[in-house]
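**Student:** Predicted coordinates and the sequence they were generated for:
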Amino acid sequence: MTVVVPPQASAAAPIDIVDGQVYGSDIAANAVSGSKIYDNSVTAADIDESTLVLTCPSGTTQARDLCYSESSLANWADAALACRDQHLRLPSVGEAITVDEVLNFGVPLLTDHVYSDDGALYVMTATQGGAILPHSVGSLSSYRCITTVGARP
């Protein structure tokens, strides 16, 4: 079987595929993209994990294994909706502490932990050093939207 000659190969020397097998040297650089690979045809054994680079979504910054947005001010419901609209989320208490430790922000951040006490709704806020404080759901507070490094919307 003769294959179309890649641009860097000579037209006088077409590439021959022996026994139906194609090797890396038979393929032009950058000729195979993800859309040309069958689903589930690449296994973990085929991947060199040292070459993988996990990144944060546009508009976020990495802090350890988390990606966080700029700080904003809102009540809990508006903050949760703003994060959702960015394909992000409010952090858990532990994640808020992690982000604050890295940034040394020092201001309580809204979390995803909402609870009721005597009929009133509260959200937990968290700061560096592990300070966890109750905050009225309807009151304004600082928040940062987050996701994990490498997460896809």
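**Tutor:** Good, I have the coordinates.
**Student:** At which residues are the strands of this structure located?
**Tutor:** Applying DSSP state E to the chain gives strands spanning 61-63, 66-68, 72-74, 109-117, 120-126, 132-136, 141-143, 146-148.
**Student:** Would you mark the buried spots in the fifth one?
**Tutor:** Residues of strand 120-126 classed as buried by neighbour count (16 or more other C-beta atoms under 10 Å): Y122, V123, M124, T125, A126. From N, CA and C alone the C-beta is placed, and that goes for glycine too.
**Student:** Identify all contacting residues around that strand.
**Tutor:** The contact list for strand 120-126 (C-beta atoms under 8 Å, 6 or more residues apart in numbering) reads 76, 91, 93-94, 96-97, 100, 108-111, 113-116, 132-138, 141.
**Student:** Can you give the strand pairings for it, parallel or anti for each?
**Tutor:** Next to strand 120-126 in the sheet, as set by DSSP bridges, lie strand 109-117 (antiparallel), strand 132-136 (antiparallel).
**Student:** Buried deepest among the ones you listed, which one?
**Tutor:** Using mean count of other C-beta atoms under 10 Å, the stretch among the strands paired with strand 120-126 with the largest mean neighbour count is strand 109-117, at a mean of 18.
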